[in-house]
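Q: The sequence isn't on hand, but the structure is:
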Ligand code: PMP
Ligand code: GLN
C-alpha cells in the first residue's frame with residue numbers, strides 16, 4: 001500500500017458488518033435500511049433492464065432523463081436552477097462524487113478543512129489527492145461548528161471546505177445563520193465548498209438548506225447527493241453532483257477515469273424516484289422520525305448518554321455513562337455481550353480524544369428490530 005493510503009485499511013463499516021454476519025447480531029452499525037425502497041421504483045429498474053435501457057454504456061455524464069430529473073428536484077425542493085447538460089454529473093454514489101471532486105480540484109499540498117468526526121471516505125480521498133486535511137472538531141453535546149475556529153483554520157494553502165449537513169455521524173444540521181457565516185468566509189477567502197448532502201431529506205428539526213443557494217455561493221459550491229439514503233437503495237450506487245459548469249467539467253474529467261459511468265438501468269429508475277410526489281419524501285422522513293424517537297428513548301433507558309440527532313438516520317451516544325472507556329473496544333465486544341452491532345465514532349476523529357467513548361447506532365431498521373435491539377442493550 002502506498003503512503004497516501006497508509007493507515008486506511010478496512011473501513012469500520014465493513015469490519016462491523018462482517019462482525020454482525022459472523023455473530024448473527026442485530027446490525028445497527030453500517031447505515032443501510034432493512035427494508036428496500038419503493039416497489040414501483042424497483043419495477044422501473046426491472047423495466048429498464050427488460051427494455052434494453054442502459055444495458056450498454058450510458059453517456060459519461062449520466063443519462064439525460066436522470067440529469068433532467070436532478071434539475072427538477074433541485075428546482076422543486078430548493079428553487080435552484082441548473083442546466084442538465086452542463087451543471088449535473090451522475091456518479092457511482094456520493095462516494096465517487098467525493099473522490100472525483102477531490103482528485104479534480106486539489107493540488108498536492110492543498111489544505112482541506114472538514115468537520116470531525118468525518119465520514120471516513122473524506123480522509124482517504126483527500127489523502128489520495130495528495131492534499132492535507134485540517135479537522136474542525138464538533139463537540140458534544142450539540143456538535144455545533146465553532147465558526148471562529150473555522151476562520152482561524154483557513155490559511156493561504158486552504159483550497160476547499162468539505163461540509164456535511166445533515167452530518168454523519170452526529171446528526172447535526174447546519175442552520176441558516178451558520179451556513180451564512182460559512183458562505184461569507186468562503187467568499188472573503190475565495191474558497192470552494194463541497195457539500196455532502198446525502199441526508200438532505202432526513203431532517204427532523206429545522207430544514208435542509210443547500211449552501212449553494214446562499215449569496216455568492218452559486219459558482220463556488222459543489223453539491224453532492226445520492227439515491228442511496230433518500231430512496232433506500234444503498235446498493236444501487238447512483239449519486240450526482242450539481243455545480244457551475246466549470247466545476248462539473250473538472251469533476252467529470254476525473255470521473256471519466258474512475259468508472260467512466262455508473263450502472264445504466266438504475267439511472268432510469270432513480271430518475272423516476274426523484275419525481276415521486278412530495279408525500280413520499282415527507283412520509284419517509286416521518287417514518288424515520290418515529291424510529292429516531294424509539295431508538296433514542298430506548299438507548300436513554302438503557303443508560304446511554306444520547307445526543308438527539310436533528311437529521312440523518314444515526315444517533316450518537318456516549319458510553320462513558322455505562323462505565324466504558326473505549327468506543328472501539330466496546331463495539332468489538334458488543335455483539336458477544338448482547339447481540340448488537342454499532343459503530344465507534346472515535347475512528348472518525350484525527351485526535352480520538354473528544355470521541356473516545358462515542359458510539360453511533362443506525363435507526364433505519366424495522367421497528368420490531370429496533371425494539372429487540374433496545375431490549376438487548378438494556379441487558380448490558
Ligand atoms: N456521505 C455520507 C455522509 C454518507 O453517510 C455516505 C454513506 N451513504 C456517503 C457519503 C456515500 O454515499 P453513497 O452510498 O451514495 O456512495
Ligand atoms: N454511509 C454509511 C454509514 O455511515 C456506510 C457506507 C459505507 O459502508 N461506506 O454507515
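A: Looks like it arrived, so ask away. Being a predicted model, the structure only gives us computed values, none of them experimental. Residues are numbered from 1 along each chain as shown. Ligands and ions are numbered 1, 2, ... in the order given.

Q: Number of residues surrounding the closest residue to ligand 1 within the chain?
A: Of all residues in the chain, residue 93 sits closest to ligand 1, at 2.5 Å by CB to the nearest ligand atom. The way it works is simple: take the backbone N, C-alpha and C, and place the C-beta from them, glycine included. Using other CB atoms under 10 Å, residue 93 has 23 other residues around it.

Q: now swap in residue 282 and tell me
A: 11.

Q: Tell me if I am right that it is in a helix.
A: Yes: Residue 282: assigned to a helix according to DSSP: H, G, I helix; E, B strand; the rest coil.

Q: Distance of it relative to residue 276?
A: Applying CB to CB, to the nearest Å, the value for residue 282 to residue 276 is 11 Å.

Q: Which residues of the stretch 101-250 of the chain lie near ligand 1?
A: Proximity of the stretch 101-250 of the chain to ligand 1 is confined to 119, 164, 168, 196, 198, 226, 228, 229, 234, 239 under the rule CB under 6 Å from any ligand atom.

Q: Could you export the residues you listed as TSV, including secondary structure?
A: Output for these, formatted as TSV (three-state DSSP):
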residue	secondary structure
119	coil
164	strand
168	coil
196	strand
198	coil
226	strand
228	helix
229	helix
234	coil
239	strand
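
Q: what kind of secondary structure is residue 115 in?
A: strand.

Q: count of residues packed around the closest residue to residue 154 other than its chain neighbours?
A: Once flanking residues are discounted, residue 154 sits nearest to residue 189: 5.3 Å by CB to CB, 6 or more residues apart in numbering. Neighbour count for residue 189, taken as other CB under 10 Å: 13.

Q: how long is stretch 359-371 end to end?
A: Distance across stretch 359-371, first residue to last, is 18 Å (CA to CA, to the nearest Å).

Q: Revised request: answer the last question for stretch 351-367.
A: End residues of stretch 351-367 are separated by 35 Å (CA to CA).

Q: in it, what's buried?
A: For stretch 351-367, the neighbour count (16 or more other CB atoms under 10 Å) marks 352, 354-365 as buried.

Q: Now do the helix or strand where residue 112 lies: which elements does it pack against?
A: Using DSSP states H and E, residue 112 sits in strand 111-116. In terms of contacts (3 or more CB pairs under 8 Å, 6 or more residues apart in numbering; DSSP states H and E), strand 111-116 is packed against helix 120-128, strand 132-137, strand 158-164.

Q: wait, which of those is closest to residue 348?
A: Closest approach to residue 348 among the helices and strands packed on strand 111-116 (CB to CB): helix 120-128, 6.5 Å.

Q: centre of the chain versus the closest one, how much separation?
A: 14 Å (CA atoms, centre = their mean, to the nearest Å).

Q: go on, stretch 143-160?
A: Counting by CA atoms, centre = their mean, stretch 143-160 comes out at 21 Å from the chain centroid.

Q: Check stretch 164-181 too.
A: 12 Å.

Q: quick one: which two of the residues of the stretch 101-250 of the chain next to ligand 1 are the most distant?
A: 164 and 234, at 16.7 Å, using CB to CB across these.

Q: higher neighbour count, these two?
A: Between residue 164 and residue 234, counting by other CB under 10 Å, residue 164 is the more crowded of the two (26 against 19).

Q: quick one: pLDDT of the nearest residue to that one once chain neighbours are set aside?
A: Residue nearest to residue 164 in three dimensions, not counting chain neighbours: residue 196, with 4.2 Å by CB to CB, 6+ apart. If you check residue 196, the pLDDT there is 98.

Q: I'd like to know the beta-bridge partner residues of residue 196.
A: residue 164, residue 224 (DSSP bridges).

Q: Counting neighbours, what do you get for residue 174?
A: Quick note: residue 174 (other CB under 10 Å) scores 25 neighbours.

Q: got it, and residue 296?
A: Applying other CB under 10 Å, I find that residue 296 has 21 neighbouring residues.

Q: and it, that's in a helix?
A: Yes: under three-state DSSP, residue 296 falls within a helix.

Q: mind checking pLDDT for it?
A: 98.

Q: Also residue 131?
A: Value listed for residue 131 in the pLDDT field: 98.

Q: ditto for residue 1
A: pLDDT, read off for residue 1, is 88.

Q: How much space separates it from residue 8?
A: Where residue 8 is concerned, residue 1 sits at a distance of 8 Å (CB to CB).

Q: ok but residue 32 is inside a helix, no?
A: No: judged by three-state DSSP, residue 32 forms no part of a helix; its state is coil.
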